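A.B. asks: Attaching a predicted model along with its sequence, questions to come.
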Amino acid sequence: DTEVTQTPKHLVMGMTNKKSLKCEQHMGHRAMYWYKQEAKKPPELMFVYSYEKLSINESVPSRFSPECPNSSLLNLHLHALQPEDSALYLCASSKREASSYNSPLHFGNGTRLTVT
Amino acid sequence: GIQVEQSPPDLILQEGANSTLRCNFSDSVNNLQWFHQNPWGQLINLFYIPSGTKQNGRLSATTVATERYSLLYISSSQTTDSGVYFCAAAFGNEKLTFGTGTRLTIIP
């Protein structure tokens, strides 16, 4: 069982819909991440939160809006997505010690998103 | 940024066989991780191994940072070992760079 929980597991949405992906961890990790993974490709980093503050945004389009309400929760708000945004969206967490991200990355099971 | 290359890209083995997966990286690293992604998409962290050797059951990993490579060994393969194995590397506070993966298929 994964210690990082993502909901929903599957999501189908139209291009005019607004939806949110949710991620929760209770390992006391202070770094949380959103990754996008397209078929047959490695995960690509989208956002990093460190101590509930956005520290890295990998030039992601504004139709993806992250939010970190507290140290255990991470959301990804979706609006006006395109069919090419269909992918597996993975949340991850890790310890954040001093200025280092150098600790194991723990992934959730992902949300498989289809945009129609 | 760091370039990460994995080989072989695909590997098909009979159940019970042993295998070695390789990860080469282009620069110094202080963060090197191996992951297994099963056919349902679940990504599991196998090893955090910026240097040295670690073992966990039938799996072991070795990173030789000075020579810029890491190896993942799988012994006595089982069908549940099938999936894609990724290595990912970084230096300092740079983001982890993932390799393109090795797709392993274990045939019963």
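C.D. replies: The structure has been received and is ready for your questions. This is a predicted model, so every value here is computed, not measured. Residues are numbered from 1 along each chain as shown, chains lettered A, B, ... in the order given.
A.B. asks: What are the boundaries of the strands in the chain?
C.D. replies: In the absence of a named chain, chain A is used. A:4-7, A:10-13, A:18-25, A:31-37, A:44-50, A:53-57, A:64-70, A:73-79, A:87-94, A:106-107, A:111-115 (DSSP state E).
A.B. asks: The intended chain is chain B.
C.D. replies: So, for chain B - with DSSP E - the strands run B:4-7, B:10-14, B:19-25, B:31-37, B:43-48, B:52-56, B:59-64, B:69-74, B:83-90, B:97-98, B:102-107.
A.B. asks: how about CSV for the ones you listed, with mean pLDDT added?
C.D. replies: Formatted as CSV, these follow (pLDDT from 0 to 100):
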stretch, mean pLDDT
strand B:4-7, 98
strand B:10-14, 98
strand B:19-25, 98
strand B:31-37, 97
strand B:43-48, 97
strand B:52-56, 98
strand B:59-64, 98
strand B:69-74, 98
strand B:83-90, 97
strand B:97-98, 96
strand B:102-107, 98
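A.B. asks: circling back to that earlier point, weakest of the strands of chain A in terms of mean pLDDT?
C.D. replies: The minimum mean pLDDT among the strands of chain A belongs to strand A:53-57 (a mean of 92).
A.B. asks: Identify the residues contacting that one?
C.D. replies: With contacts defined as Cβ atoms under 8 Å, 6 or more residues apart in numbering or on different chains, strand A:53-57 is touched by A:45-49, A:66, A:68, B:95. Yep, even glycine has a C-beta here, placed from its N, CA and C like the rest.
A.B. asks: can I get the strands of chain A in JSON lines with mean neighbour count and distance to B:S76?
C.D. replies: Listed next are the strands of chain A as JSON lines, based on neighbours: other Cβ atoms under 10 Å in any protein chain shown; distance: least, Cβ to Cβ, whole Å:
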{"stretch": "strand A:4-7", "mean neighbour count": "18", "distance to B:S76": "29"}
{"stretch": "strand A:10-13", "mean neighbour count": "14", "distance to B:S76": "35"}
{"stretch": "strand A:18-25", "mean neighbour count": "19", "distance to B:S76": "33"}
{"stretch": "strand A:31-37", "mean neighbour count": "23", "distance to B:S76": "29"}
{"stretch": "strand A:44-50", "mean neighbour count": "20", "distance to B:S76": "34"}
{"stretch": "strand A:53-57", "mean neighbour count": "12", "distance to B:S76": "40"}
{"stretch": "strand A:64-70", "mean neighbour count": "15", "distance to B:S76": "42"}
{"stretch": "strand A:73-79", "mean neighbour count": "19", "distance to B:S76": "38"}
{"stretch": "strand A:87-94", "mean neighbour count": "24", "distance to B:S76": "30"}
{"stretch": "strand A:106-107", "mean neighbour count": "22", "distance to B:S76": "26"}
{"stretch": "strand A:111-115", "mean neighbour count": "19", "distance to B:S76": "32"}
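A.B. asks: In a markdown table: those, plus distance to B:F91.
C.D. replies: Shown next, in a markdown table, are the strands of chain A (distance: least, Cβ to Cβ, whole Å):
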| stretch | distance to B:F91 |
| --- | --- |
| strand A:4-7 | 25 |
| strand A:10-13 | 35 |
| strand A:18-25 | 25 |
| strand A:31-37 | 17 |
| strand A:44-50 | 15 |
| strand A:53-57 | 15 |
| strand A:64-70 | 25 |
| strand A:73-79 | 25 |
| strand A:87-94 | 16 |
| strand A:106-107 | 21 |
| strand A:111-115 | 30 |
